[in-house]
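[1] Here is my input, please return the structure:
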Amino acid sequence: MRKRSGAVVCPNCGKLVDVNEPVCPYCGHTAPGMFGYGPALQRLLGKFDLTMAVIGGSVVLYLLSLLVDPRGLFRMAGMFDFLAPTSGALAVLGMTGGFALVQGRWWTLLTAIFLHGSLLHILFNMVITRQYLPHVVELYGSARAWVIFVTAGVVGFALSNMAVGVPTIGASGAIFGLLGALIVYGRRTHQHAVTQQLWISAGMMFLFGFLMPSVNNWAHAGGFAGGFVAAEALSFAGRRESRWLLVLAWGSALAVAAAFAFQLVRLVMMLMAG
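    Residues are numbered from 1 along each chain as shown. The predicted model follows:
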């Protein structure tokens, strides 16, 4: 895993430097070889498919939500309720809302991003994720794309919880953040026609939310704003993923894992108390 000698590519300026250089002699970047672990991490990220990881994780959690309370398998009151997990099952796995924050479960802002309320809900969100997330990965890199996705989801739910506080789940806020990131890229690179089309797509999706039942438009608005600001704050356009960006990406991934762990620990404690 660790490279102890030879040259590596500086993640900041892209020039070859010795793996043991404490500072890049060309751009001044600290520890360009990441103490020898940089090449291994770059190879790992190069093989990692963020889009399939998000979709796969969401599908697994959806199936788990049906297994936690099998009554959801028989809830077929309408098209939007087909194979819909029960509220109790979603609460167990980390649904967010004003009730969760009152209980001190702030981490549900993370867990709720990957939970979905019906078969149609997850199908729609994952199709749109498959459409937009690969483009954000291509333009920003996997680390930035992940940070944008998670940030947008958290900001969307935070705004929703402050504005209305209704129980809520889903990746749609994060998806709106991906649209915001693509608009930022188009605006910065002066691709006006593409940017205009993205604005139209975002507007149509937002208006569509008012026509569908139980759609959280507050989360959509907050997610778009969160993704837009996160994309503005992160560099892109060919720059390699720096050590600090990798730390931020891995840190946010660990935060998501920890959030589900907190939820599991809380469930175990409730069962033991009962």
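
[2] quick one: residue 17 is in a strand?
    Yes. Read with DSSP: H, G, I helix; E, B strand; the rest coil, residue 17 is one of the residues of a strand.

[3] how much space is there between residue 230 and residue 56?
    In this structure, residue 230 and residue 56 are 23 Å apart, going by CB to CB, to the nearest Å. For the C-beta atoms, the positions are set from N, CA and C on the backbone; glycine is no exception.

[4] list the contacts for residue 130?
    By CB atoms under 8 Å, 6 or more residues apart in numbering, the contact set of residue 130 is 51, 55.

[5] which regions of the stretch 1-150 of the chain sit below the pLDDT cut-off?
    Residues of the stretch 1-150 of the chain meeting the criterion pLDDT under 70: 1-4, 11-12, 29, 32-47, 75-79.

[6] which stretches of it form helices?
    With DSSP state H, counting those that start in this stretch, the ranges of helices along the stretch 1-150 of the chain come out as 38-47, 50-68, 87-93, 98-102, 108-111, 119-140, 142-163.

[7] for the ones you listed, which one sits closest to residue 270?
    Nearest to residue 270, of all the helices of the stretch 1-150 of the chain, is helix 87-93, at 9.2 Å by CB to CB.

[8] And that closest one, what does it pack against?
    helix 50-68, helix 243-273 (3 or more CB pairs under 8 Å, 6 or more residues apart in numbering; DSSP states H and E).

[9] Can you tell me which of those helices is most buried?
    Sort these by mean neighbour count, taking mean count of other CB atoms under 10 Å, and helix 50-68 sits at the top with a mean of 17.

[10] circling back: can I get the helices of the stretch 1-150 of the chain in TSV with distance to residue 197?
    Listed next are the helices of the stretch 1-150 of the chain as TSV, based on distance: least, CB to CB, whole Å:
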stretch	distance to residue 197
helix 38-47	30
helix 50-68	21
helix 87-93	35
helix 98-102	36
helix 108-111	31
helix 119-140	13
helix 142-163	20
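
[11] domain parsing for the chain?
    Segmentation of the chain into domains, based on automatic domain parsing, reads 7-42, 49-273.

[12] Buried residues, the helix or strand harbouring residue 205. List them.
    Using DSSP states H and E, residue 205 sits within helix 192-211. Residues of helix 192-211 classed as buried: 195, 198, 201, 202, 205, 206, 209 (neighbour count, 16 or more other CB atoms under 10 Å).

[13] Need phi/psi at residue 166.
    Here is the backbone geometry of residue 166 (degrees, to the nearest 10): phi -70, psi 150.

[14] unless I'm mixing things up, it is touching residue 160, no?
    Yes. Using CB atoms under 8 Å as the test, residue 166 is close enough to residue 160 to be in contact (7.2 Å).

[15] Which one's more surrounded, the two?
    Neighbours per residue (other CB atoms under 10 Å) separate residue 166 from residue 160, with residue 160 holding more: 27 against 15.

[16] Do I have it right that the more buried one meets residue 223?
    No. Using CB under 8 Å, residue 160 is not in contact with residue 223; the gap is 9.2 Å.

[17] so residue 85 touches residue 70, yeah?
    No. At 9.9 Å, residue 85 and residue 70 do not qualify as touching, with contact defined as CB under 8 Å.

[18] still on that earlier bit, could you dump the buried residues of helix 192-211 into TSV and include distance to residue 141?
    TSV is the format used below for the buried residues of helix 192-211 (distance: CB to CB, whole Å):
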residue	distance to residue 141
195	20
198	19
201	23
202	22
205	25
206	27
209	29
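
[19] ok, so of those, who is nearest residue 101?
    Nearest member of those to residue 101, counting by CB to CB, is residue 209, at 22.8 Å.
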